[in-house]
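Colleague: Give me a 3D structure for the following:
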Amino acid sequence: MRRVLSAAAVVAAAVITMGNAAAVGATYPTETITWGACSDQTLANAGAQCGTLQVPLDHANPTGTKLTLALSRLAHKASSAYQGVMIAAPDPLAGAGYESSLLGQQLPGGDGYDWIGIARRGLAPSVPALSCDPGYNSFNRPNYAPTAPTNEVDWLNRVQGYATACGQANPDLLPHMKTTDVAADIDDVRAALGVVQTSLYAQSYGTYVGEVYATLHPLAVKRMVLDSAINPDRVWYNAANLDQNANLERNFHLFFDWLAGNDATYHLGTTRDAIQQVWTAQLAAVTAHPANGLIGPAELTDLLTLTPYYQAFWPTLGGMFANFVHTGDASALQFLYTQFYQRGTDNVYAALLAETCTDAPSPADWSTWRTNAQAAATQAPDIAWGNNWFNAPCRVWPAKAANPVPVLGLTSASVLLLQNELDGVAPPSGSMALRQRYSHSALLTVHGAITHGVTPTADTCVNSVLGNYLSSGTLPARKAGNASDAECAAPPAPVAG
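Modeller: Next up is the predicted model:
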């Protein structure tokens, strides 16, 4: 054990040195931000300001080629006690960033901060914005599952084509899209704002950005909220391609239970098994004859498996699915697929892959991916293969992957961890691993909650804890052992309609 601790101390010293080297030896001037009116109407209506910041393409070459980050700022309310700057760490899974400054109006205690939203590098309206193949999520794609001999070959070809297109779209940008690059951008934003310390608010995949930033710049963080944290020991092949499958499948079946419990509204069956039979029959039907000639098994799976992520989607998707089953009309499904998976989404998908494919290595041989997908599909038949192909461009990604930063919890900042117990994307093990690392942390768990992401919420229990922390830095009292330090009851199930 002593040898392990000694090795960890060496790594910790190296990480601190790496994180502070640029600041100690820097001779180049800090860029400035000019704030002005926002062209984005949502930001403008909220009273936010917008600006840009030039940052190095390659932070190891600070005087070289520059990128332009798009920023937004929502200033603190004069009537509140000023708490400093709060940077919303960009979430690559959702493409979130530019409008994240609006969180300051949505969170209890948030109005004491100057909130900063950042459109992370590669994501519009930052420049350049990465896009590889806007038609990649077309209609009537091959079935995700290898139910026909050609499915696997077709998907391997599609994945290779997408990765190749990304390499051709912006070969200079791709090697500089790692989480470490985003963390360096955040520190440039902090410096440009003229503050020594910043607080961080991070959700979902953005929590890994926060974890890495706090590791590389441990003295620059005042407070940090990590909502639905990613386990830093599992990035990214394990976390995104393996850990999520069974949890998301479980939540999909909980959606079936909810449909069954609301049979008076949806008329699809009164038991989980009955709903499962309807689902299986519809998948078979659109496999044989895509609805409207467009909605095949991949598209239907993409739409309905949004439900394991967000309970708020249950009434809408339940109603659309029921209408499709009873009438055969797929118009609503077609419209929703266009909105969720086609309009402007290639930029988000490309930028997401550019980060997750290069943060850490993925298996290079397809046999490993196939074997893992086959094993996962025994527990998660509706989720595993779609998840596999979503992440598969990482196997042939044209930019080299790095080794992930060891997140050791070195920061002296206080950390509030927020966790939904049944989150399928970020299971509680990630938050618990961070609670063990961060000595000045506390974990709040919402029991029975399914949705990915705890906040913003109307839950008074969550908001009481969060409001106390944002307003004063007060954390729940830390309990002994590996346990949640505060607990909230499950939110009510969505109302059918």
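
Colleague: just checking, next helix/strand downstream of the strand or helix carrying Y337?
Modeller: When elements are assigned from DSSP states H and E, Y337 belongs to helix 331-341. Going down the chain from helix 331-341, the next helix or strand is helix 345-359, by DSSP H and E.

Colleague: which helices and strands does that following helix pack with?
Modeller: Under the contact definition 3 or more Cβ pairs under 8 Å, 6 or more residues apart in numbering; DSSP states H and E, helix 345-359 sits against helix 149-169, helix 179-192. (Each C-beta comes from the backbone N, C-alpha and C, glycine too.)

Colleague: who touches the closest residue to Y266 other than its chain neighbours in this structure?
Modeller: In space, and not counting its chain neighbours, Y266 is closest to A322: 4.2 Å by Cβ to Cβ, 6 or more residues apart in numbering. Neighbouring residues of A322 by Cβ atoms under 8 Å, 6 or more residues apart in numbering: L259, T265, Y266, H267, L268.

Colleague: Name the member of those that has the highest neighbour count.
Modeller: Neighbour count (other Cβ atoms under 10 Å) singles out L259 as the most crowded of these, with 27 neighbours.

Colleague: What strand or helix carries that one?
Modeller: helix 244-261.

Colleague: Let me know the closest of the contacts of A322 to Q244.
Modeller: L259 (22.1 Å; Cβ to Cβ).

Colleague: rewinding a little: so what's the residue nearest to Y266 scoring on pLDDT?
Modeller: On pLDDT, A322 comes in at 98.

Colleague: One more: A94?
Modeller: 83.

Colleague: Helix, strand or coil: sort out it for me.
Modeller: Secondary structure for A94, judged by DSSP: H, G, I helix; E, B strand; the rest coil, is coil.

Colleague: Make 767 the starting number, not 1.
Modeller: That works, and once the first residue is 767, the last one we named lands at A860.

Colleague: Tell me, how many residues neighbour it?
Modeller: As a burial measure, A860 scores 16 neighbours (other Cβ under 10 Å).

Colleague: How about the contacts made by it?
Modeller: Q969, S970, Y971, V1114.

Colleague: ok, now with 7 Å
Modeller: S970 (Cβ atoms under 7 Å, 6 or more residues apart in numbering).

Colleague: any idea how far S970 is from it?
Modeller: 6 Å (Cβ to Cβ, to the nearest Å).

Colleague: same check, this time on P1257
Modeller: Counting by Cβ to Cβ - P1257 and S970 are separated by 18 Å.

Colleague: So for the two, which residue has more residues nearby?
Modeller: S970 (23 against 20).

Colleague: Could you double-check that the more buried one sits in contact with S994?
Modeller: Yes - in this structure, S970 is within contact of S994 by Cβ atoms under 7 Å, at 5.3 Å.

Colleague: Now the common contact residues for those two.
Modeller: V1191, A1192, H1218, G1219.

Colleague: Pull the contacting residues for the last one.
Modeller: Residues in contact with G1219, defined by Cβ under 7 Å, 6+ apart, are Q969, S970, D993, S994.

Colleague: Can you say which of these are buried?
Modeller: For the contacts of G1219, a burial check counting by 16 or more other Cβ atoms under 10 Å picks out Q969, S970, D993, S994.
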